[in-house]
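Undergrad: Provide a 3D model corresponding to the input given below.
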Amino acid sequence: MNKLLFLLIIYSQFLSANELGAIDIPQMLDMKNRQNALIIDIRTEKEWAETGTIPHSVRLQFFDSRGSYDAEQWLSEMEKLRTSPNQPVVLVCRSGNRSEKVGNLLTQKLGLDNINHLQNGIQPWIQAGYATTQHCPGLLACKQ
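TA: Modelled structure (predicted):
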């Protein structure tokens, strides 16, 4: 019986290693400060211009305007940004829906660990009055 219990514990730890973490703003800030988490904003260029981004986050668009994506290319770019394979990653989108989908793809299909997404996206960040960094590329005008 002890052997079976041991195997179940080991198996559950293996499964939890590849689960997407859903975190809130304080958890993200703590993860950034304590573990140097890589915060990746997966939204579109237009969205970055409209709202700005979380300071010190990296802009790495996942879905194009048609909802298509190239997971292999995106993953290659993400891996270049990570300082180590164990560095926590926090994905950010507008409402949390896209970041959850991308996070599940990375953890469940590709087997990556230490992947998280900001619950409810950047909207609560903005509503709480946290600062954003403006990005006004090309012809896109930033909202003031």
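Undergrad: just want the most central residue of this structure.
TA: Nearest to the geometric centre of the chain sits residue 91, at 0.9 Å (C-alpha atoms, centre = their mean).
Undergrad: distance of the nearest residue to it once chain neighbours are set aside relative to residue 26?
TA: In this structure, residue 91 finds its nearest non-sequential neighbour in residue 99, 3.9 Å apart by C-beta to C-beta, 6 or more residues apart in numbering. (Glycine included, C-beta is placed from N, CA and C.) Separation of residue 99 from residue 26 (C-beta to C-beta, to the nearest Å): 17 Å.
Undergrad: quick one: which of those two has more around it?
TA: Taking neighbours as other C-beta atoms under 10 Å, residue 99 and residue 26 compare with residue 99 leading, 29 against 8.
Undergrad: who's in contact with that one?
TA: Listed by C-beta atoms under 8 Å, 6 or more residues apart in numbering, the contact partners of residue 99 are 42, 91-93, 117-118, 121.
Undergrad: can you tell me the element it falls in?
TA: With secondary structure defined by DSSP states H and E, residue 99 is part of helix 97-104.
Undergrad: which positions within that helix qualify as buried?
TA: Neighbour-count burial for helix 97-104, counted by 16 or more other C-beta atoms under 10 Å, picks out 98-103.
Undergrad: list just the nearest of those to residue 83.
TA: Nearest to residue 83 among these is residue 103, at 19.4 Å by C-beta to C-beta.
Undergrad: that closest one against residue 92, yeah?
TA: No. Counting by C-beta atoms under 8 Å, residue 103 stays clear of residue 92, with 10.5 Å between them.
Undergrad: overlap in contacts of these two?
TA: Residues touching both residue 103 and residue 92 (C-beta under 8 Å, 6+ apart) are residue 117.
Undergrad: any low-confidence regions in this structure?
TA: 1-17, 136-144 (pLDDT under 70).
Undergrad: ok so, going back, emit the PyMOL select command for whichever of the contacts of residue 99 are buried.
TA: The buried subset of the contacts of residue 99, as determined by 16+ other C-beta under 10 Å, is captured in PyMOL by this line:
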select buried, resi 42+91+92+93+117+118+121
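Undergrad: which of the contacts of residue 99 fall in strands?
TA: Of the contacts of residue 99, the ones assigned to strands by DSSP state E are 91-92, 117-118.
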